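Asker: Next input, structure requested:
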Amino acid sequence: MGDFSRSTFDRVKHYVGVRLQQGVPLVDADWNELEDIRRFEVEAFLKWFVGDGVPAGNDGFRIQAAAGGGVGTVRLSPAATGTLDSSVAVDLGASTAAAALGFTAVNRQASRGLAPARLTGDAAQPFALTPGMTLVISANGAAPQTVTFTASGFANLAAATAAEVAAVVNAAANRVSASAGTGDDFFVTGGDGTPEGAGRCLADGRDAVHEGRTAYSSQPLYANTALAAAWGVPVVPEIAAPTSGTRSDLVYLDLWDREVTAAEDDTLVDPLVGVETCVRVRREWTVRVRPGATQAPAAGDTDHLTGHAYLPLARLTRQAATPAVRPAALTDLRPRNLQMPPSTLVDDVLGTTADDYRKGLDRPRVSLRDAINALLAGRLPPSPEISVSPGDKSDLLNKASVVDAAGGLVAVWQSPRSGTNQILVARLDPSHPELGFSLAPPVTTDGQNIEPAAVALPGGDLVVAYQNGLLDGPGTDVLMKRGPLAGLGAATAQQVAATASPVSDQRVRAALAGDQVVFFTHQSSSTLKQWFYRRYRHTDNVFLDVAPVALSATGLTQRDLHAASADGKVWVAYADGANLQILRFNPVPTTTNPQDPPVIDLKTTVAAAGELSVFVLALSGTEVLVLYDDGTGLTVVSGNNGTWSSTRVPDSDAADATPAAVRDADGTVYLVSNRPAAGGGSDLVLRRRTVIGGTWTAAQRLVTGAQANLSPHPFLVPDLGLWLLWVSTRTGDADVYAKQIITAI
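Answerer: This is a model prediction of the structure:
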């Protein structure tokens with residue numbers, strides 16, 4: 001502690017300054033009271049007029065899952081112990097393996113006092129290493145040591161494990177100790193590694209600053225009883241999953257100030273006088289976990305310390321015997337995007353409270369100016385575009401994407417970005433759409449896998465089906481995987497259709513009706529072109545049909561089919577080359593025998609030739625809209641309990657293609673299609689069919705440009721309104737994009 005004569009600051013006296021008189025002694029108490037007054041005023045202003053949380057444009061102190069949930073990461077510590085100050089660092093410029101192992105500009109070094117430093121890589125096994133890659137590491141300020149990776153010590157260097165990497169590091173660098181992460185860990189995000197780009201967070205008027213990116217287990221106070229005792233604060237303990245059931249924990253920020261003397265920082269000794277002059281006050285913070293709690297420590301709690309500020313950061317849901325902390329286990333609780341408008345302005349203009357607005361809730365996706373200008377022009381305002389998952393090679397989006405049971409928009413597509421076509425998935429979190437889509441592990445990784453179809457089950461699982469070979473390849477099969485989004489890649493594939501070669505099972509489509517998923521597959525060979533169905537009961541993981549059952553006649557010259565369900569019925573439409581076939585398919589068998597065929601009780605045939613780009617919009621068990629493009633314009637076939645009619649969309653022509661539609665709760669139908677753009681490329685356009693009168697609005701351009709914009713697929717996302725997925729070639733190859741179409745503010 002510093003040597004002070006006394007502390008005279010008393011906020012109850014409402015002093016706002018200290019005035020020095022001439023001819024009087026200058027004492028430390030007056031100087032220090034002036035500092036206390038100034039700091040109190042700043043903190044009071046920030047507390048009462050700004051609030052707690054993260055400023056606009058900053059993502060500091062977000063609690064983020066580590067790669068692999070913290071399992072299979074690489075941890076580095078100094079091998080030597082006993083030093084007061086410990087550090088470990090990776091030389092990024094000299095280390096060609098740094099990025100592959102998860103060491104980056106924001107995660108390149110760590111330090112601790114009175115305990116060995118720990119640096120945790122933000123990547124999980126398997127690591128894609130190549131012979132000759134290097135990792136240059138220094139510990140406790142000593143000369144750096146270089147680890148060179150070769151095939152020796154690895155079963156497969158291109159898919160190295162954390163344990164193998166740790167063993168090689170330990171053998172090559174005697175000043176550093178490496179180990180494999182075992183979970184029970186997460187990251188605290190900061191900034192870009194510079195003071196100017198630091199992550200920031202206000203708590204009770206005090207500003208916490210975090211330049212880099214730190215693992216929970218790399219914090220100075222983590223399992224460090226010596227440092228905790230020296231600072232007079234509780235240690236940050238290890239965390240663990242519950243022994244049984246599920247537990248919800250609170251992750252929170254603990255913020256306080258402490259004095260620093262020359263014993264810790266020798267630069268406080270003025271070299272001209274040779275003694276310590278003034279001590280410093282340093283702002284400290286650490287992230288703690290409160291098991292089973294929903295609130296941060298408050299006055300009267302045993303873990304509440306006077307002079308400390310606390311702020312909830314995240315909710316952590318732990319499962320028994322599950323050390324990995326996955327992204328789905330974390331819910332962001334930080335108040336975000338702090339601003340200082342009058343609270344009444346937020347209430348009056350946006351219809352939400354200032355408190356919710358600061359937390360990022362109920363905010364419009366576009367500015368009011370853009371919304372008003374769009375509405376004055378008779379258009380619906382769209383939000384900015386989101387890149388779902390940019391990557392090399394062309395992405396192909398069909399009609400496989402879904403809204404899951406939790407209201408998240410899950411994009412499902414195929415891409416050869418890993419060398420061969422594979423099925424990829426990404427999800428938009430409905431509670432934080434501003435964070436964009438999170439890419440999940442690939443559904444498939446081997447061979448060629450294309451043409452995905454997906455349904456979202458009520459319990460949270462997804463079913464994704466796909467074809468395991470190229471179109472019309474002899475002997476291709478249709479497979480399916482089932483599981484939570486993050487677990488689809490590791491799920492066991494089940495056969496949906498596996499007809500012997502040379503017949504190709506392909507072009508799978510799927511619809512959910514009650515407790516059944518109905519798969520539609522196309523069988524193709526030199527003598528056979530026909531659609532089949534097969535029913536899968538998801539409640540007990542049983543296929544009701546031993547093998548696919550014929551749906552259509554043979555000899556189809558086209559294979560364009562789409563299906564959608566409502567009220568336990570599946571509406572199906574497909575092109576046969578000369579006509580559009582539409583039918584209502586009831587998957588429930590007519591008797592208690594599950595092998596009995598379903599009922600096809602409503603159907604019609606519409607004369608329409610060619611590849612039709614069919615889209616089915618199931619409105620109820622008795623009502624359906626089927627849209628198609630026959631090369632001359634867009635047509636809508638309406639069916640209502642057996643009464644059918646066809647209507648041409650008024651201003652459509654041969655330029656319109658690939659229609660897709662949704663209907664909202666008020667009955668408005670939103671139709672999206674693409675058409676060539678002036679000067680090249682193609683646009684996406686939106687038309688609305690009004691509830692009263694059933695008329696269509698003029699086409700509104702949603703996405704424009706010289707690039708191709710293709711494969712539109714609109715969705716109604718609970719609490720988020722109308723969203724659109726599509727593919728664009730704006731970056732050279734085709735990537736999947738998304739945006740919201742604002743229908744209500």
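
Asker: need the strands for the stretch 1-150 of the chain, in chain order.
Answerer: 54-55, 63-64, 71-78, 85-90, 109-113, 119-120, 134-139, 145-148 (DSSP state E, counting those that start in this stretch).

Asker: Report the buried residues of the host helix or strand of Lys603.
Answerer: Lys603 belongs to strand 599-607 when assigned by DSSP states H and E. Of all the residues in strand 599-607, those buried under the rule 16 or more other CB atoms under 10 Å are 602, 604, 606. In short, each C-beta sits where N, CA and C put it, glycine included.

Asker: likewise stretch 390-402?
Answerer: 391, 394-402.

Asker: which residues in the stretch 451-600 of the chain form helices?
Answerer: With DSSP state H, counting those that start in this stretch, there are no helices along the stretch 451-600 of the chain.

Asker: give me every residue that touches the closest residue to Ala67 other than its chain neighbours.
Answerer: Distance criterion CB to CB, 6 or more residues apart in numbering; nearest residue to Ala67, sequence neighbours excluded, is Ala124 at 3.9 Å. Going by CB atoms under 8 Å, 6 or more residues apart in numbering, Ala124 touches 66-69, 71-73, 102, 162, 181.

Asker: just those residues now: which is nearest Asp651?
Answerer: Distance to Asp651 across the contacts of Ala124 (CB to CB) is lowest for Ala67, with 50.3 Å.

Asker: which regions of the stretch 251-400 of the chain lie under the pLDDT threshold?
Answerer: Along the stretch 251-400 of the chain, segments meeting pLDDT under 70 span 339-344, 378.

Asker: no no, the stretch 1-150 of the chain
Answerer: Residues of the stretch 1-150 of the chain that meet the cut-off, pLDDT under 70, sit at 82-83.

Asker: And the stretch 501-650 of the chain, by the same measure?
Answerer: In the stretch 501-650 of the chain (pLDDT under 70), the answer is 590, 592-595.

Asker: repeat that for 80
Answerer: 589-596 (pLDDT under 80).

Asker: what about the strands in the stretch 501-650 of the chain?
Answerer: All strands of the stretch 501-650 of the chain, identified by DSSP E, counting those that start in this stretch, fall at 504-513, 516-524, 529-537, 542-543, 549-550, 561-566, 569-575, 579-586, 599-607, 615-618, 623-629, 634-640, 643-648.

Asker: Need the contact partners of the strand holding Lys603.
Answerer: By CB under 8 Å, 6+ apart, strand 599-607 touches 578-586, 588, 590, 637, 639, 641-642, 644, 646.

Asker: Generate a PyMOL selection restricted to the buried entries among these.
Answerer: Of the contacts of strand 599-607, the buried ones can be selected in PyMOL as follows, counting by 16+ other CB under 10 Å:
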select buried, resi 579+580+581+582+583+584+585+586+588+637+639+644
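
Asker: Helix or strand: which one has Ala171?
Answerer: helix 162-172.

Asker: Buried residues, the helix or strand following that helix. List them.
Answerer: Downstream of helix 162-172, the first helix or strand assigned by DSSP H and E is strand 176-182. Buried residues in strand 176-182, counted by 16+ other CB under 10 Å: 176-181.

Asker: And the lengthiest strand in the chain, what does it pack against?
Answerer: Secondary structure of the chain read by DSSP state E shows that its longest strand is strand 246-260. For strand 246-260, the packing partners by 3 or more CB pairs under 8 Å, 6 or more residues apart in numbering; DSSP states H and E come out as strand 199-203, strand 206-210, strand 280-290, strand 309-319.

Asker: CA atoms of the first one as CSV?
Answerer: Spelled out, that is strand 199-203. Extracted C-alpha coordinates of strand 199-203, given in CSV (Å, rounded to 0.1, in the frame of the first residue of the first chain):
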residue,chain,number,x,y,z
GLY,A,199,-12.5,-4.4,-26.5
ARG,A,200,-14.2,-2.2,-23.9
CYS,A,201,-17.0,-2.6,-21.4
LEU,A,202,-18.5,-0.3,-18.8
ALA,A,203,-19.6,-1.6,-15.4
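
Asker: so what does it touch, helix or strand wise?
Answerer: Going by 3+ CB pairs under 8 Å, 6+ apart, strand 199-203 lies up against strand 54-55, strand 206-210, strand 246-260, strand 309-319.

Asker: What pairs with the strand holding Lys603, parallel or antiparallel?
Answerer: Paired strands of strand 599-607, with direction, are strand 579-586 (antiparallel) (DSSP bridges).

Asker: What mean pLDDT does the helix holding Ala171 get?
Answerer: Averaging pLDDT along helix 162-172 yields 97.

Asker: how far off strand 176-182 does it point, in degrees?
Answerer: 170 degrees (axes from the mean of the first three to the mean of the last three CA atoms, to 10 degrees).

Asker: Figure out how far helix 162-172 is from the centre of its chain.
Answerer: Centroid separation between helix 162-172 and its chain, computed with CA atoms, centre = their mean, to the nearest Å, is 32 Å.

Asker: Buried residues, that helix. List them.
Answerer: Buried residues in helix 162-172 (16+ other CB under 10 Å): 162, 164-169, 172.

Asker: Counting neighbours, what do you get for the residue nearest to Phe4 when sequence neighbours are not counted?
Answerer: Nearest residue to Phe4, sequence neighbours excluded (CB to CB, 6+ apart): Asp28, at 5.8 Å. Other residues near Asp28 number 14, with proximity taken as other CB atoms under 10 Å.

Asker: for the helices and strands packed on strand 199-203, which one sits closest to Thr81?
Answerer: That would be strand 246-260 among the helices and strands packed on strand 199-203, by CB to CB, at 24.0 Å.

Asker: ok, and for the closest one, which residues are buried?
Answerer: Per 16+ other CB under 10 Å, strand 246-260 contains these buried residues: 249-256, 258.
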